[in-house]
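Q: the sequence and its predicted three-dimensional model are supplied below.
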Amino acid sequence: MGLAATYVDADTFRVSGDYTADFTANRKVRCDCGVDGYKYVVVSASSYGAPNTTVDLTADSDDLTANLASVEWSVVKPGTAGNIPLHDHSDEDAGGPTGRVPVITGGVTIGYAKLLAANDVAGVAVTIIADGVGDVTSFLMAMVAVKPSAGTPDGGPMYVRNSDSYVVWTNGTDELTLSVAANGSVTLQRTAGSTLTFDVVLQAVWI
């Protein structure tokens, strides 16, 4: 059963009582935001000021909404207080900023892998890999599955270099395109048509 919580802002919530021993840095929390669904976040810090504990979240946590009703923390604590430390080099559920998992050989990171996803992709570009450390420096390969809001789901293998793009779904009118920018960021966007939206899942690897 969740603990009643009050929305403060997208990265902060408040609970009644002193829960600083429970909301420790790097602990994962599931937040029930009602009609907005569950948000999965990681604690940055917490502080008690009678009668409430204020909990701050990491920048890569899901954004909370004003419909926040309750929160539930993970069973185990990270770090020296618990038995499963939160790593800083894999996905967002383990502390990484973009959810990427490094591919390492001989002690050297040569690439990354991740299960990427986006829902309701339309005419505005959705970033699935951000510009920064661990982005695409040469090319991205993926197996992609696309479910349009109308029409036949489709998918298959794809290969895209930096400064290039690939149409991952089309019906002759609407098109969904994956683009890899020169800076290494990756986006999905409907680049033709005006009606469909797309749910997309990619099992991707890149260097």
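A: Happy to help now that I have it.

Q: quickly list the domain ranges of this structure.
A: Per the record, the chain has its domains at 3-81, 98-206, by automatic domain parsing.

Q: how about TSV for the ones you listed, with mean pLDDT and mean neighbour count added?
A: C-beta: built from backbone N, CA, C; applies to glycine. Rendered in TSV, the data for those read as follows (pLDDT from 0 to 100; neighbours: other CB atoms under 10 Å):
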stretch	mean pLDDT	mean neighbour count
domain 3-81	90	16
domain 98-206	92	16
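
Q: list of residues touching the helix or strand hosting Ala142?
A: Here Ala142 is covered by strand 139-148, with elements defined by DSSP states H and E. With CB atoms under 8 Å, 6 or more residues apart in numbering as the test, strand 139-148 has contacts from 116, 129, 153-162, 168-169, 171, 174, 176, 178, 180, 186, 196-207.

Q: okay, and which of these map to strands?
A: 116, 129, 154-161, 168-169, 176, 178, 180, 186, 198-206 (DSSP state E).

Q: against Asp18, how distant is the residue of the chain most remote from its centre?
A: Distance from the C-alpha centroid of the chain, by CA atoms, centre = their mean, peaks at Ala50 (33.6 Å). To Asp18, Ala50 is 8 Å away according to CB to CB, to the nearest Å.

Q: could you double-check that Thr197 sits in contact with Asp120?
A: Yes - the pair Thr197 / Asp120 is scored as a contact, 4.7 Å apart, by CB atoms under 8 Å.

Q: anything in contact with each of the two?
A: What both Thr197 and Asp120 touch, as defined by CB under 8 Å, 6+ apart, is an empty set.

Q: what's the distance between Lys147 and Ile207?
A: 28 Å.

Q: for Ala122, same thing?
A: In terms of CB to CB, Ala122 sits 30 Å off from Ile207.

Q: what are the boundaries of the helices in the protein?
A: For the chain, helices defined by DSSP state H do not occur.

Q: what's the closest residue to Asn52 other than its chain neighbours in contact with, if anything?
A: Leaving aside its chain neighbours, Asn52 sits nearest to Arg14 (4.8 Å; criterion: CB to CB, 6 or more residues apart in numbering). Neighbouring residues of Arg14 by CB under 8 Å, 6+ apart: 5-6, 8, 52-55.

Q: equivalent analysis for Ile128, please.
A: Contacts of Ile128 by CB under 8 Å, 6+ apart are 116-118, 186-188, 202.
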